[in-house]
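Engineer: test case, fold it:
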Amino acid sequence: MRVSLYLNPQTRGAQADRTLLQEVLGQVDLAAQLGFSDVWLTEHHFSGYNVYSDPLLLAAAISQRTPSMRIGFSVAVAPLHHPVRFAVQANLLDQLTDGKVVIGIGVGNSEDEFRGYGHTVAERHAMMEEFVRILEQAWAQDPAGFRYEGRYWSGEVRGRLIPAPVQQPHPHVAWATDTGATVERLGRNGWSWLIGPYHTLETLAPYLARLVKGQEEAGLDAAARARAWEHTGYMRQVVVLAPGEDVEAEVGEYISHYVRESVKANFGIDNMPREQFAERRAFFKEKWLAYGTAEELIARFTPYAQLGIGHLMCWFNFGYLPDALVRRSMVRFAADVLPALTAIAPDPQLQQDVLRRGAALPTRR
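Structural biologist: Okay, the predicted model is just below:
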């Protein structure tokens, strides 16, 4: 298992943006020094849930700052981008990273974000299908160009996309989804799956079974399968505690900030009733947040490494956490957790058991 830095810091307002952006870049530098392999970026707009908003532009800056690190998106909200423009930008990033970019996409779910770009959130799945179709056309690299026609985007490219990518036939694609049919489609395409923090080994099982089913039906060779698994990633918010430290005493107020900001960004709710807030906070703390000593975190993540999930995205900076506390968790994780996780090899017997159970369980359509 390799471990990356996931960046989605919330901002308190315009007066905090510049400082926070400088802290984020400093955290990227620190991650490179500590041995984290990747930086993964996300996309959110307008609400303060994300200070940089544009993952492609930030990725370009990071590519020149820490050239040894792989860069990925988890995720770029595909319907908010023009697919031809997105393909051009992805190709350029592939060149700037020397072929070390992973293009992670997802449909998004924020009504305010879609409204801000002139769409409705109800259109997102139809837009996603059209986006992917045109993106694949664009990456076909026909020097004569191509026409694309759809409900949301239409046009004609006379020539080729410039620059060409380093990775062929196009930069590697990953997709965040909880729809079983889409996970199976990822398997057939040789693409990677981006896994949400709410999944457990049991809930993962049926989706992984469908991912493998798609790979088998497509007849993917060993190299294509290995690449898909290499970039199949699992994201978790992480706080590393020293023995005797209490998570509430150390970061309790920042957990509360995060819960409020996430609900505002994703559901448009500014003021939750007290009971609803308490319920959501408890769920986040116990189900989403991975906190504890180094030994406890190793125990928590070991089964995922044994299962073959080759990539853990660690979200250290959330809920207005001060830079010093973010860095403290990063340093502790790199010193005491990272070496153990990178040494764990997949367990073929566990993989077979999970896939066997998963094949008998339903997924969302």
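Engineer: surely residue 131 is within a helix?
Structural biologist: Yes - according to DSSP: H, G, I helix; E, B strand; the rest coil, residue 131 belongs to a helix.
Engineer: so who does it touch?
Structural biologist: By CB atoms under 8 Å, 6 or more residues apart in numbering, the contact list for residue 131 reads 78, 79, 81, 83, 86, 105, 152, 153. Any C-beta I mention is one placed from the backbone N, CA and C, and that applies to glycine too.
Engineer: so the fourth one makes contact with residue 136?
Structural biologist: No - the pair formed by residue 83 and residue 136 falls short of the contact definition of CB atoms under 8 Å, at 9.1 Å.
Engineer: between the two, which has more neighbouring residues?
Structural biologist: residue 83 (25 against 15; other CB atoms under 10 Å).
Engineer: and residue 47, which of the three is it?
Structural biologist: Secondary structure for residue 47, judged by three-state DSSP, is coil.
Engineer: count of residues packed around the nearest residue to it once chain neighbours are set aside?
Structural biologist: Leaving aside its sequence neighbours, residue 47 sits nearest to residue 265 (CB to CB, 6 or more residues apart in numbering; 4.1 Å). For residue 265, the neighbour count with other CB under 10 Å is 21.
Engineer: and residue 265, its phi and psi?
Structural biologist: Reported as degrees, to the nearest 10, the phi and psi values for residue 265 are phi -70, psi -40.
Engineer: repeat for residue 362
Structural biologist: Per degrees, to the nearest 10, the backbone of residue 362 is at phi -80, psi 160.
Engineer: need the helices for the chain, in chain order.
Structural biologist: Secondary structure of the chain (DSSP state H): helices at 14-34, 55-65, 83-96, 111-116, 124-138, 180-189, 201-218, 222-230, 247-267, 274-283, 294-307, 323-336, 338-342, 348-359.
Engineer: so for the first one, mean pLDDT?
Structural biologist: Mean pLDDT, helix 14-34: 98.
Engineer: angle of it against helix 323-336?
Structural biologist: On the basis of axes from the mean of the first three to the mean of the last three CA atoms, to 10 degrees, helix 14-34 is oriented at 20 degrees to helix 323-336.
Engineer: so helix 14-34 versus helix 55-65, what angle?
Structural biologist: Going by the same axes, to 10 degrees, helix 14-34 makes 50 degrees with helix 55-65.
Engineer: return the residues in contact with the spatially most central residue of the chain.
Structural biologist: Note on the chain: the residue nearest the mean C-alpha position is residue 74, at 2.3 Å, using CA atoms, centre = their mean. When contacts are counted by CB under 8 Å, 6+ apart, residue 74 touches 6, 40, 41, 42, 104, 174, 176, 194, 233, 235, 313.
Engineer: over to it: give its phi and psi.
Structural biologist: Torsion angles at residue 74 (phi, psi; degrees, to the nearest 10) stand at phi -140, psi 70.
Engineer: for residue 312, see how far away it is.
Structural biologist: For residue 74, the distance to residue 312 equals 12 Å [CB to CB, to the nearest Å].
Engineer: check residue 182 too.
Structural biologist: For residue 182, the distance to residue 312 (CB to CB) stands at 22 Å.
Engineer: do the same with residue 272
Structural biologist: In terms of CB to CB, residue 272 sits 30 Å off from residue 312.
Engineer: ok, these two, which is more surrounded?
Structural biologist: Comparing residue 272 with residue 312 by other CB under 10 Å, the one with more neighbours is residue 312, at 24 against 17.
Engineer: surely that one and residue 197 touch.
Structural biologist: No - taking contacts as CB under 8 Å, residue 312 lies outside contact range of residue 197: 10.8 Å.
Engineer: overlap of the contact sets of those two?
Structural biologist: Residues touching both residue 312 and residue 197 (CB under 8 Å, 6+ apart): 234, 235, 236.
Engineer: tell me the one of these nearest residue 299?
Structural biologist: Distance to residue 299, by CB to CB, is smallest for residue 236 among the shared contacts of residue 312 and residue 197, at 13.8 Å.
Engineer: so what's the closest one up against?
Structural biologist: Applying CB under 8 Å, 6+ apart to residue 236 gives the contacts 197, 288, 289, 290, 312, 313, 314, 315.
Engineer: count the neighbours of the nearest residue to the third one once chain neighbours are set aside for me.
Structural biologist: Okay, so that is residue 289. Counting by CB to CB, 6+ apart, residue 237 is the residue found nearest to residue 289 once chain neighbours are left out, at 4.9 Å. Residue 237 has 23 neighbours, counted by other CB under 10 Å.
Engineer: right, and residue 237 touches residue 318 too?
Structural biologist: Yes - assessed by CB under 8 Å, residue 237 is found in contact with residue 318 at 5.5 Å.
Engineer: so what sits against both of these two?
Structural biologist: residue 258.
Engineer: how far does the longest strand anywhere in the chain sit from its chain's centre?
Structural biologist: Across the chain, the longest stretch assigned as strand under DSSP state E is strand 233-240. From the chain centre to the centre of strand 233-240 is a distance of 11 Å (CA atoms, centre = their mean, to the nearest Å).
Engineer: for stretch 180-197, same thing?
Structural biologist: Distance of stretch 180-197 from the chain centroid (CA atoms, centre = their mean) equals 13 Å.
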